[in-house]
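S.K.: quick one, structure for this:
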Amino acid sequence: HRRVETASREGGATVTYAVATSAERFRAVTVACPPCDTSDAICLPAAAQEALGVTPGDSVICVRL
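M.R.: Numbers count the residues shown, from 1 in each chain. The predicted structure is shown next:
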């Protein structure tokens, strides 16, 4: 699980992840965002947060594609 943070608009390397919410209100998206392999947080764009129904601080499941 990773904690949601809002992605900044600055450029940089991105990686594609499948990101999902918990089972009781399951939603999933694929999104290109900065790598989170060495962090406990994932920086999601606002559109991805809205699609998932999450806000900064919420927990999501991430799988690098």
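S.K.: so for this structure, the centremost residue is which one?
M.R.: The structure's the chain has its C-alpha centroid closest to L44; by Cα atoms, centre = their mean the separation is 4.4 Å.
S.K.: go ahead and confirm it touches T21.
M.R.: No - L44 is beyond contact range of T21, at 11.5 Å (criterion: Cβ atoms under 8 Å). Just so you know, the C-beta spots here come from the backbone N, C-alpha and C atoms, and that holds for glycine as well.
S.K.: identify the contacts common to the two.
M.R.: By Cβ atoms under 8 Å, 6 or more residues apart in numbering, L44 and T21 have these common neighbours: 52, 54, 60.
S.K.: which one of those is nearest V15?
M.R.: Nearest to V15 among the shared contacts of L44 and T21: V60, at 15.0 Å, using Cβ to Cβ.
S.K.: burial check on the closest one, number of neighbours?
M.R.: By other Cβ atoms under 10 Å, the residues close to V60 number 23.
S.K.: got phi/psi on it?
M.R.: When read as degrees, to the nearest 10, the backbone of V60 gives phi -130, psi 160.
S.K.: wait, doesn't it sit right on I42?
M.R.: Yes - with contact defined as Cβ under 8 Å, V60 reaches I42; the gap is 6.6 Å.
S.K.: shared neighbours of the two, anything?
M.R.: 2, 4, 19.
S.K.: tell me the residue in this structure that is farthest from the middle.
M.R.: In terms of distance from the mean C-alpha position of the chain, E24 ranks first, at 17.9 Å (Cα atoms, centre = their mean).
S.K.: quick one: that residue from T14, how far?
M.R.: Relative to T14, E24 is positioned 29 Å away (Cβ to Cβ, to the nearest Å).
S.K.: what about the residue farthest from the centre of the chain, distance to A47?
M.R.: 23 Å.
S.K.: kindly report the same for T38.
M.R.: 25 Å.
S.K.: so the two - more neighbours on which side?
M.R.: Neighbours around T38 and A47, counted as other Cβ under 10 Å, are more numerous at A47. The numbers are 11 against 5.
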